[in-house]
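Student: can't give you the sequence, but here's the structure:
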């Protein structure tokens, strides 16, 4: 190569004029002392030059991070301030101070693994400052122990964060405006995707401290139970950060006038009077978010397992099923309050492909609506569904999430216990069910005959003081009602990441909070909240797995049915004709029993073999993908290299 | 400029008319794919993304491959004694340096481009974020170019290609390691702890992190441009010193 370079770049005429000639050595010898001096000078200049260049490199890299501008290559522009943040920053007319407390230089410091994150946060804060138009002031503070900075950090609500290596340091942000301060005390636990949302919300809260009031009606213990060491529900905790939350009993017959938005979660045991209260609230022109569930896993898990009285079903706890029958009927919606939906198309692989666990992707989510446009993944387990009977006059309906056509109603408890049976007996209904929807328009009352009578109340009884004699019949102003056919989608079990509980597993919580946000009238935060990491699964690999599973599913179902039959037959043989357990079998029965047991063993072995076979099919497909990538292109490169070498050899040989 | 182009053309031809470039490309593609599919578990992670299983391994591959590509840039000239001849020609040393450097960069570019199959595969199997893949490639290419520039500077000081390779790999390893989270974790609590931030900002790992996450910042560009510029300047100083 070098020979080529040298020979090629050799411009003959130039070389002749500049290359040393045979007669030149005397000149060179004459100036040898001078050359040595110039060599030394040149070396010194070189070293000085390199040192100066190095200093310039360091200097430029120090000022580099403060240079504005960035190119965001991500699809949903998650490194760029969202429109929601810009909207909120545009509203600012008073100075908001953002103080980034991070222990870095002294006795206390955050672990080095967070250094890159600190840099990212600083960059983001610069973006806030720039977009804030002079109303955002950013300060980075290193609060070392026993300093005024530490005192200020504590005053702002920032405490030391304990890291996984057991070290402790300050790593939080305080946002203040006039006398209002909001702290993000532990930003280590906030994911990159959620950071902007938390910061913007803090800015919004200090600038506009008056919170909207949310009335939360639920039969579930949303606020937790300190006696049972039960924490408040994650949905309640999230709501509390943005709103004044007032709990309302399911038995309430009136919703307070100062409630801005009503949120109803699993109203098990709600009375007609309770539904009337909701009805009147909506007719007053306010918005409501209503979540019912044919089988609340949370309610079921809190029911006592053992009956208090022998022979009686267990009493107490919350009914797993909830309904708002009168309201839903009047709006023209049908809802099955006792059965859950199984959907073969959207079954969740992480729940053993049980069709009652629905993992919805973009296909099932309405991405045209602002509350759900950025959502890509929702998980509903043992959910119900709505279908339209005849929508009430004056109402408009928008579906937010729905099942596929391959769905069927199933009995919830048995479906959880025996998913194989659900799959074996599955018959698609062919009609999509709505899981989440919005009704909007001018609502008419579901109680045209006036307030329902309470239990024990007779026709002639006088009305109570707090109940108007005649309620509203029709809304004067349009309002919106958001309906969900599930409530467990808000539980940590299904909404949060199983390993990192601070991270979202899907968009369940963003969807619920988005609708509350929209219902409360401010949707600026919606576009920021929905930026949780979106899943991008290998859909083809899922299809390969589905195909492998489909090949064996019929045979598996046959074998499972046969095993059930064998179980019943062997039980009959054991029990004898009188139904009591027989201690001694006849020879004929014993031989039959052993034959059945052998058949059962064979069936179980075949099931295992079928599973292994399906797994092997998937594995071999994946291996084929791996090897065609590992070897495909390298073989092509090797062939090209060999051909080029051979051609070159032939050419050289010919010469 | 025409001198740069003629040096560049000749060097590119020299690379690709010999089996050597194909060996580099072959090794790079095989290693990248093995890291992605076997060690990184690309298919097992079930996510149509290349960041953690593909791009994050590139600094470790380039720390050996880039010195292997660049070790002969000046060491070979020194060994054969053609540096002096080259510098007697009517071209500026800068032109020779830039021409040679860009030609070596082409080898890295072709190596990266040859991994297109994994991009196509991910596209066939799912719906990846194309912007993230694009920025990941930019990051990988910049890392390769930086390591190549380091190698070029080292090769300007030595006649031995082996010495150049060993020294360059060591420097590139250091430049990668000081930003690696395990190293930063390791030095926590040691005397080097106060320098952790400085180390992280000097490392290619720290710089390429934002690019792998789909964000291209001026600071990242400044880092790569200044480090490459500094290495090429050091090369020119070494060459000029030798010439004088």
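Tutor: Cool, got the structure. Worth saying up front: this structure is predicted, and the values here are computed from it rather than measured.
Student: before we move on, what SS does whatever residue of the stretch 551-655 of chain A ends up closest to chain B have?
Tutor: Taking CB to the nearest CB, chain B has its nearest neighbour within the stretch 551-655 of chain A at residue A:641, 2.8 Å off. The C-beta positions use only the backbone N, C-alpha and C, and glycine is treated the same way. Using DSSP: H, G, I helix; E, B strand; the rest coil, the structure places residue A:641 in helix.
Student: hang on, it packs against residue B:18?
Tutor: No - here residue A:641 lies out of contact with residue B:18, judged by CB atoms under 8 Å, at a distance of 9.0 Å.
Student: Looking at these two, which is more packed in?
Tutor: Remark: of residue A:641 and residue B:18, residue A:641 carries more neighbours, 20 against 16, as counted by other CB atoms under 10 Å in any protein chain shown.
Student: Residue B:8 versus that one, what's the distance?
Tutor: 21 Å (CB to CB, to the nearest Å).
Student: any low-confidence regions in the stretch 451-600 of chain A?
Tutor: A:454-469, A:499-502, A:521-535, A:576-583 (pLDDT under 70).
Student: That one: strands as residue ranges?
Tutor: Per DSSP state E, counting those that start in this stretch, the stretch 451-600 of chain A carries strands over the ranges A:479-484.
Student: Residue A:133: how many residues sit nearby?
Tutor: Residue A:133 - counted by other CB under 10 Å - has 11 other residues nearby.
Student: For it, list the residues it contacts.
Tutor: The contact partners of residue A:133, taken as CB atoms under 8 Å, 6 or more residues apart in numbering or on different chains, are A:89, A:90, A:92.
Student: host element of the first one?
Tutor: Looking back up the chat, that one is residue A:89. Take DSSP states H and E as the rule and residue A:89 turns out to sit in helix A:83-91.
Student: Give me the buried positions along that helix.
Tutor: By neighbour count on 16 or more other CB atoms under 10 Å in any protein chain shown, the buried set for helix A:83-91 is A:84, A:85, A:86, A:87, A:88, A:89.
Student: What strands flank the helix or strand just after it, and is each parallel or antiparallel?
Tutor: Scanning forward in sequence from helix A:83-91 by DSSP H and E, the next helix or strand is strand A:96-102. With DSSP bridges as the test, strand A:96-102 is paired with strand A:136-141 (parallel), strand A:168-177 (antiparallel).
Student: got the angle between the shortest one and helix A:83-91?
Tutor: Counting by axes from the mean of the first three to the mean of the last three CA atoms, to 10 degrees, strand A:136-141 lies at 100 degrees to helix A:83-91.
Student: which one of the buried residues of helix A:83-91 sits closest to chain B?
Tutor: Using CB to the nearest CB, these come closest to chain B at residue A:85, 16.4 Å.
Student: Isn't that closest one up against residue A:198?
Tutor: No - with contacts counted by CB under 8 Å, residue A:85 stays clear of residue A:198, the gap being 11.3 Å.
Student: ok, which stretches of chain B are helices?
Tutor: B:2-16, B:19-34, B:58-70, B:72-80, B:82-88, B:93-113, B:116-125, B:130-155, B:161-177, B:181-187, B:196-202, B:204-212, B:218-243 (DSSP state H).
Student: scratch that, the stretch 301-450 of chain A
Tutor: Under the criterion DSSP state H, counting those that start in this stretch, helices of the stretch 301-450 of chain A are mapped to A:325-331, A:412-417, A:419-424.
Student: Out of the ones you listed, flag the one nearest chain B.
Tutor: Chain B sits nearest to helix A:419-424 of all these, at 21.1 Å, using CB to the nearest CB.
Student: For the closest one, give me every contacting residue.
Tutor: A:342, A:344, A:352-356, A:410, A:414-415, A:553, A:556-557, A:560-561.
Student: remind me which residues of chain B are low pLDDT?
Tutor: For chain B (pLDDT under 70), the answer is B:188-189, B:243-244.
Student: And the residue nearest the centre of it?
Tutor: Closest residue to the average C-alpha location of chain B: residue B:144 at 1.6 Å, with CA atoms, centre = their mean.
Student: neighbours of the nearest residue to it once chain neighbours are set aside, just the number please.
Tutor: The shortest distance from residue B:144 to any non-neighbouring residue, by CB to CB, 6 or more residues apart in numbering or on different chains, is to residue B:108 (4.0 Å). When neighbours are counted by other CB under 10 Å, residue B:108 registers 24.
Student: what's the answer for residue B:229, then?
Tutor: Number of residues near residue B:229 (other CB under 10 Å) recorded here: 15.
Student: give the contact list for it.
Tutor: By CB under 8 Å, 6+ apart, residue B:229 lies in contact with A:53, A:57.
Student: Does residue A:135 touch residue A:91 like I think?
Tutor: No - taking contacts as CB under 8 Å, residue A:135 lies outside contact range of residue A:91: 9.3 Å.
Student: got a winner among the contacts of helix A:419-424 for most neighbours?
Tutor: Neighbour max across the contacts of helix A:419-424 (other CB under 10 Å) = residue A:342, 29 neighbours.
Student: ok, now which ones touch that one?
Tutor: A:355, A:356, A:407, A:408, A:409, A:410, A:415, A:422, A:426.
Student: can you pull the pLDDT of the second one?
Tutor: Per-residue confidence for residue A:356 comes out at a pLDDT of 94.
Student: Quick check: the gap between it and chain B.
Tutor: 22 Å (CB to the nearest CB, to the nearest Å).
Student: now swap in the third one and tell me
Tutor: Counting by CB to the nearest CB, the gap from residue A:407 to chain B is 24 Å.
Student: To what extent is that residue buried, counted in neighbours?
Tutor: Using other CB under 10 Å, residue A:407 is surrounded by 24 other residues.
Student: what bridges to it?
Tutor: Bridge pairing for residue A:407 - DSSP bridges - gives residue A:343.
Student: Identify the residues contacting it.
Tutor: Applying CB under 8 Å, 6+ apart, the residues near residue A:407 are A:341, A:342, A:343, A:344, A:345, A:385, A:428, A:429, A:431, A:432, A:433.
Student: and with 6 Å instead?
Tutor: A:341, A:343, A:429, A:433 (CB atoms under 6 Å, 6 or more residues apart in numbering or on different chains).
Student: Just the closest of those residues to chain B, please.
Tutor: Nearest to chain B among the contacts of residue A:407, with distances taken as CB to the nearest CB, is residue A:343, at 20.4 Å.
Student: Could you pull up the residues touching that closest one?
Tutor: By CB under 6 Å, 6+ apart, residue A:343 lies in contact with A:355, A:358, A:403, A:404, A:407.
Student: gap between the third one and chain B?
Tutor: It stands for residue A:403. Using CB to the nearest CB, residue A:403 is found at 22 Å from chain B.
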